[in-house]
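[1] Got a predicted model here, sequence first, then my questions.
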Amino acid sequence: MNRDAAARDLLGLTAAALASPDLAGGVTPTLEKLVNDTAAVGSAYFQTDTRALTYSVRAATGAMPQTAGMQAVAAHGLPADTPLMRALERAQAPLFFDDTRRSPETQGFPELGVASVAAAPVRSADGRLLGAFLMHTFEPHVWQTQEATLFSVVCGTVAALAGRLAAEEEARAAREAALRALGLALEARDRETQGHTDRVTELAMRFARRLGWTAAACEPLRWGAYLHDIGKIAIPDAVLLKPGRLSPEEWTVMRSHVDAGVRFAQALNFLPAGAMALIQDHHERWDGGGYPRGLAGEQISSEGRLFALCDVYDALTSDRPYRSAWTHAQTAEELRRLSGVQFDPELVETFIALTETVAD
């Protein structure tokens, strides 16, 4: 391959990594390039999982050994104390091993079915090992200068972008954990809703996947679900914890939790539009009789319409001090009665079918 072609390929791989919304999508073109242009039969990207003390497979392409050991690695990752990963912690450049039986750094790889391997470190901005690009063969192979150069240049360039994507994933995970914690904190105050946050979030995710929503669309939905009732933090105990029916004045106070939740969510400065829409719209009604804005039909966001069904279903099928939980059949009948009144009629039957599988 001439230099111009190599430069174009490298530019394309870099652009793919920059444009990808997730790490796996960002590194997969690089893995495919390695398999196509070297003797490697397979390649993979491993990323650290500090909680499990392993390096998990985040993306892979090509042929993988069909050994029990490799199946365990695919399921559980490489232990952090694997000699090769320890060597990469110290390495300043990619490592090449022509015969894994002859190097202490590749101890364990022959048993996995890997005869030769090349490994390139991926580091954080502070030098911490985040992961590694690996490519392998099933027979001993002397890595040629052209192969080593390609591996070093490609992985060296994409490694910095992979490190950025990994850091962004860590930041998103930390934010999501914080949002869930806020939802659970509200439950600790409102004892009637124990477990509600996790149940409605999981149900919303199942419903969105049934409707064909992408992973990118599901994340704002999930974040909004965690915070859907966060505004109740501003509701006085005398209203929020009242065991009986609320007076009209008290209902006015209770309904104000939506606007309070929107103000709280806006102050976070990082919530996507879909999450904000769910928080604001999940008490709107299809017929326009909801709150806080009295939106009707498709004026209501798709996140709000989807989540309203999940929220009401969980409320009706959960025990309350003033009533026992409804059965799935009773709840389904109520949702059908309110189809086109409170709920989007195009969603109701799909939702009922989904919850029948949960109830079963």
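    Thanks, I have the structure now.
[2] Read off the pLDDT value for residue 57.
    Looking at residue 57, its pLDDT stands at 90.
[3] so who does it touch?
    The contact partners of residue 57, by Cβ atoms under 8 Å, 6 or more residues apart in numbering, come to 44-46, 73-74, 77. Quick note: C-beta positions are derived from backbone N, CA and C, even for glycine.
[4] does the spatially most central residue of the chain count as helix, strand or coil?
    Among the residues of the chain, the one closest to the centroid is residue 219, at 6.6 Å (Cα atoms, centre = their mean). Classification of residue 219 using DSSP: H, G, I helix; E, B strand; the rest coil returns helix.
[5] What ranges does the stretch 51-200 of the chain have for its strands?
    With strands called from DSSP state E, counting those that start in this stretch, the stretch 51-200 of the chain shows them at 54-62, 78-79, 95-97, 116-123, 129-137.
[6] Nearest to residue 156 among the ones you listed would be which one?
    Closest to residue 156 of those is strand 116-123 (Cβ to Cβ; 6.9 Å).
[7] and that closest one with strand 129-137, angle?
    160 degrees (axes from the mean of the first three to the mean of the last three Cα atoms, to 10 degrees).
[8] Pairing partners for strand 116-123, with directions?
    With DSSP bridges as the test, strand 116-123 is paired with strand 95-97 (antiparallel), strand 129-137 (antiparallel).
[9] Residue 261 - how many residues pack around it?
    For residue 261, the neighbour count with other Cβ atoms under 10 Å is 25.
[10] ok, now which ones touch the closest residue to it other than its chain neighbours?
    Of all residues not flanking residue 261 in the chain, residue 231 sits nearest, at 2.8 Å (Cβ to Cβ, 6 or more residues apart in numbering). Neighbouring residues of residue 231 by Cβ under 8 Å, 6+ apart: 256-264, 279.
[11] Just among those, which is most surrounded?
    Going by other Cβ under 10 Å, residue 279 tops the contacts of residue 231 with 29 neighbours.
[12] Return the distance of the helix or strand harbouring that one from the chain's centre.
    Following DSSP states H and E, one finds residue 279 within helix 273-281. A distance of 18 Å separates the centroid of the chain from that of helix 273-281, by Cα atoms, centre = their mean, to the nearest Å.
[13] repeat for stretch 134-142
    Between the centre of stretch 134-142 and the centre of its chain there are 33 Å (Cα atoms, centre = their mean).
[14] quick thing: my sequence starts at 21, can you match it?
    Sure, I'll start counting at 21 from here, so that last one is stretch 154-162.
[15] Using PDB, write down the CA coordinates of it.
    Taking C-alpha atoms only, stretch 154-162 is exported to PDB below (Å, rounded to 0.1, in the frame of the first residue of the first chain):
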ATOM      1  CA  LEU A 154      -5.000  -7.100  20.400                       C
ATOM      2  CA  MET A 155      -4.700  -9.100  17.200                       C
ATOM      3  CA  HIS A 156      -3.800 -12.800  16.900                       C
ATOM      4  CA  THR A 157      -3.200 -15.900  14.800                       C
ATOM      5  CA  PHE A 158      -3.900 -19.500  15.400                       C
ATOM      6  CA  GLU A 159      -0.400 -20.600  14.300                       C
ATOM      7  CA  PRO A 160       3.000 -19.100  15.200                       C
ATOM      8  CA  HIS A 161       3.600 -16.100  13.000                       C
ATOM      9  CA  VAL A 162       6.600 -13.800  12.700                       C
END
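[16] mean confidence for it?
    Averaging pLDDT along stretch 154-162 yields 96.
[17] ok, back up a step: so which of the contacts of residue 251 would you say is closest to residue 335?
    Of all the contacts of residue 251, residue 335 sits closest to residue 277, with 14.6 Å by Cβ to Cβ.
[18] Surely the closest one and residue 254 touch.
    Yes - taking contacts as Cβ atoms under 8 Å, residue 277 lies within contact range of residue 254: 6.6 Å.
[19] Perfect, I'm done here.
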